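**Q** Return a 3D structure for these sequence lines:
(chains A and B)
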2 protein chains.
Amino acid sequence: MRIVVLAGGIGGARFLRGLRQAAPEADVTVIGNTGDDIHLFGLKVCPDLDTVMYTLGGGIDEEQGWGREGETFRVKEELAAYGVGPEWFGLGDRDFATHIVRTQMLAAGYPLSAVTEALCARWNPGVRLLPMSDDRVETHVAVTLDGERRVVHFQEYWVRLRAAVDAEAVVPVGAEQAKPGPGVLEAIAAADVILFPPSNPVVSVGTILAVPGIREAVAEAGVPVVGLSPIVGGAPVRGMADKVLAAVGVEATAAAVARHYGSGLLDGWLVDTVDAAVVDEVEAAGIRCRAVPLMMTDTEATAAMARAALALAEEVRA
Amino acid sequence: MRIVVLAGGIGGARFLRGLRQAAPEADVTVIGNTGDDIHLFGLKVCPDLDTVMYTLGGGIDEEQGWGREGETFRVKEELAAYGVGPEWFGLGDRDFATHIVRTQMLAAGYPLSAVTEALCARWNPGVRLLPMSDDRVETHVAVTLDGERRVVHFQEYWVRLRAAVDAEAVVPVGAEQAKPGPGVLEAIAAADVILFPPSNPVVSVGTILAVPGIREAVAEAGVPVVGLSPIVGGAPVRGMADKVLAAVGVEATAAAVARHYGSGLLDGWLVDTVDAAVVDEVEAAGIRCRAVPLMMTDTEATAAMARAALALAEEVRA
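**A** Below you'll find the model as predicted:
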């Protein structure tokens, strides 16, 4: 079975680990969000791709869900001693090596897709990890700070400002001109099932779908497309989905997110058992819906979610 | 008193520390060798400039004479895990930060001289450190390896091959097209004394002098130019001066190095007491010569060397 997953960072990566356990024989292609990529200290940092790679490759800091396990911060301390920031982005020494290799390969002319493949050769994530695009896309967020309207990089919104102010607009800068990365459309066209993990529907899955051609390819693949709600009981399980959903005029509810994707894209939708009451509402929107536990408390619980998603896909297909 | 010093790495840096102690009120400008600069992992590394900066700024690994004190190697270990080398060059985590800042500033368009000034703002070396040139100069060494003639970067000759094979030729690639860095000629013209520390006469001081205009400026400054022999008892105190001297047809003796610089450049020359027998030979070549202890065993011994060099300069001037 060929499964394509459109994944963001922590939520996507953890879901993928459950999926690998639930369907160890499946051929999984991950289309990774690159909209939160950022240049720091002259280095190209791809937080979502790295979170997927480290999580599936056994190198992740399990507790925080991003960055490397057993990390140290010598380089960052020294950069701060030079007065060079930003200090709010937590790049560790081990992580720096990844960005140094990536930046060096990009400078040598390799596209991000080839660089990602080279990095994965070390981590053996057990999936094929494809950047959504080799072109630069950067999610920017409009905010009001001290009465002044400003546009900040998504990482600045999320990491520095901790999403404590409202997101007034979310713009994936460059997405309109971006082309899907090598293999992306082919993988979607060849998929047996397409899954949207409980990643952020705006700045993760939404950004991937904003690359011209990808949304259309998913809609026209002719195979079940099943998503898992990142909203449980009216709030995001983690992250700031509520803030960025508000920016695009979508309520932070499991049902509203399903309608936001829409029945033209989504065939099935899993909501958490606490949201069982919305199942009928989602089905009325033309999307098959089931309520199952959606808390990724451990790999077994996450594998059960993946099995439920695959079961719903078969139900849709039948 | 304005003192200009043409310095390489460890020998130059340690001498400068002695000079600072010997003449704390002096205004010292260091013209640093950049011929051993190298790009590693996409980063610009300036070993000699950094050794001077770290040594005078209190950040040096005292025992090995280069790199940062209390250094760790997490980044390098991770790079090796990606299969990315070279592994033979010992870049530590703290040191990486310096190269990251430098590379980022160079990429932003700052010349190396401005970058060096910015880095020194942290280290306060107590001297003005000027790269010999903002233009790229790279010392290459011709060697025969396994019967095959090859040209390697100086760092590869020295660090990877440990100078274990003969240097057949030493070429400061790019030197002929290089221009002296901002302030270099002005500092030489304004100097009261010019010193050549016991740095390598070929790949350190020789490379600086190979930048068109610098040798002429030193020769025409009209002030005492005094050097200290890096060769003691027929062998370099440290490093591979004997190997690279052979490549340019110069014997590894204190007297031969003085004649190599020549009386057109050099007014005074200090040799070690074990080489007292060559004093007459050097003086016969038109260079005032004294024999004093030249082992930089500690800062006090080094300060005594600096005082001897300054005394010889006054003797020459008188």
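**Q** Which one of the residues in the stretch 101-250 of chain A is closest to chain B?
**A** In the stretch 101-250 of chain A, the residue found nearest to chain B is A:Gln104; the distance is 3.5 Å by C-beta to the nearest C-beta. Bear in mind the C-beta positions are built from the backbone N, C-alpha and C, glycine included.
**Q** dump the residue contacts of that residue.
**A** B:Phe41, B:Gly42, B:Val84 (C-beta atoms under 8 Å, 6 or more residues apart in numbering or on different chains).
**Q** how about the strands in the stretch 101-250 of chain A?
**A** Applying DSSP state E, counting those that start in this stretch to the stretch 101-250 of chain A gives strands spanning A:128-131, A:138-145, A:148-153, A:169-173, A:193-196, A:225-228, A:231-232, A:235-236.
**Q** among these, which is the most enclosed?
**A** Each of these was scored by mean neighbour count; the highest is strand A:193-196, a mean of 28, by mean count of other C-beta atoms under 10 Å in any protein chain shown.
**Q** Quick one: list the elements packing against that strand.
**A** strand A:2-7, strand A:225-228, helix A:299-317 (3 or more C-beta pairs under 8 Å, 6 or more residues apart in numbering or on different chains; DSSP states H and E).
**Q** any idea of the mean pLDDT in the shortest one?
**A** Per-residue confidence for strand A:225-228 averages out to 98 on the pLDDT scale.
**Q** do the same with the last one
**A** Confidence for helix A:299-317, expressed as mean pLDDT, is 97.
**Q** Which strands and helices lie in contact with it?
**A** Under the contact rule (3+ C-beta pairs under 8 Å, 6+ apart), helix A:299-317 is packed against helix A:10-22, strand A:193-196, strand A:225-228, strand A:268-271, strand A:288-291.
**Q** who wins for proximity to A:Arg307 among those?
**A** With C-beta to C-beta, the closest approach to A:Arg307 among the helices and strands packed on helix A:299-317 belongs to helix A:10-22: 4.6 Å.
**Q** For chain A, which residues are neighbours of chain B?
**A** The interface of chain A toward chain B, taken as C-beta under 8 Å from any C-beta of the partner chain, is made up of A:41-43, A:72, A:74-79, A:81-84, A:93-94, A:96-98, A:100-101, A:103-104, A:107, A:118-119, A:122.
**Q** Of all residues in the stretch 201-318 of chain A, which one is closest to chain B?
**A** A:Thr299 (24.4 Å).
**Q** Tell me how many other residues surround that residue.
**A** 14 (other C-beta atoms under 10 Å in any protein chain shown).
**Q** Equivalent analysis for A:Gly85, please.
**A** If we define neighbours as other C-beta under 10 Å, then A:Gly85 has 12 of them.
**Q** Which secondary structure state does it sit in?
**A** coil (DSSP: H, G, I helix; E, B strand; the rest coil).
**Q** tell me the contacts of the spatially closest residue to it that is not a sequence neighbour?
**A** Closest residue to A:Gly85 apart from its sequence neighbours, by C-beta to C-beta, 6 or more residues apart in numbering or on different chains: A:Leu79 at 7.4 Å. By C-beta under 8 Å, 6+ apart, the contact list for A:Leu79 reads A:Phe41, A:Gly85, B:Ala97, B:Ile100, B:Val101.
**Q** Determine how far the helix or strand where A:Leu79 lies lies from the middle of the whole chain.
**A** Per DSSP states H and E: A:Leu79 is located in helix A:74-81. Relative to its chain's centre, helix A:74-81 lies at 29 Å (C-alpha atoms, centre = their mean, to the nearest Å).
**Q** what do you get for stretch A:198-214?
**A** Relative to its chain's centre, stretch A:198-214 lies at 8 Å (C-alpha atoms, centre = their mean).
**Q** CA atoms only for that stretch, dumped as PDB, please.
**A** What follows is stretch A:198-214, C-alpha atoms only, in PDB (Å, rounded to 0.1, in the frame of the first residue of the first chain):
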ATOM      1  CA  PRO A 198      -3.200  16.300  13.000                       C
ATOM      2  CA  SER A 199      -0.800  19.000  11.700                       C
ATOM      3  CA  ASN A 200      -1.700  22.600  11.600                       C
ATOM      4  CA  PRO A 201      -4.400  23.100   8.900                       C
ATOM      5  CA  VAL A 202      -3.200  26.600   8.000                       C
ATOM      6  CA  VAL A 203       0.600  26.900   8.400                       C
ATOM      7  CA  SER A 204       1.500  23.200   7.800                       C
ATOM      8  CA  VAL A 205      -1.000  21.300   5.600                       C
ATOM      9  CA  GLY A 206      -2.400  24.500   4.300                       C
ATOM     10  CA  THR A 207       1.000  25.800   3.100                       C
ATOM     11  CA  ILE A 208       1.700  22.500   1.300                       C
ATOM     12  CA  LEU A 209      -1.700  22.700  -0.400                       C
ATOM     13  CA  ALA A 210      -0.900  26.400  -1.400                       C
ATOM     14  CA  VAL A 211       1.800  25.200  -3.800                       C
ATOM     15  CA  PRO A 212       0.000  25.300  -7.100                       C
ATOM     16  CA  GLY A 213      -0.700  21.800  -8.400                       C
ATOM     17  CA  ILE A 214      -0.600  20.000  -5.000                       C
END
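**Q** Looking at that stretch now, give me its mean pLDDT.
**A** pLDDT averaged over stretch A:198-214 gives 97.
**Q** Pull out the buried positions in that stretch.
**A** For stretch A:198-214, a neighbour-count test (16 or more other C-beta atoms under 10 Å in any protein chain shown) marks A:198-211, A:214 as buried.
**Q** Out of those, list just those in helices.
**A** Filtering these for membership in helices, criterion DSSP state H, returns A:Val205, A:Gly206, A:Thr207, A:Ile208, A:Leu209, A:Ile214.
**Q** any chance of those residues in CSV, plus distance to B:Glu186?
**A** Below are these laid out as CSV (distance: C-beta to C-beta, whole Å):
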residue, distance to B:Glu186
A:Val205, 60
A:Gly206, 58
A:Thr207, 54
A:Ile208, 57
A:Leu209, 60
A:Ile214, 59
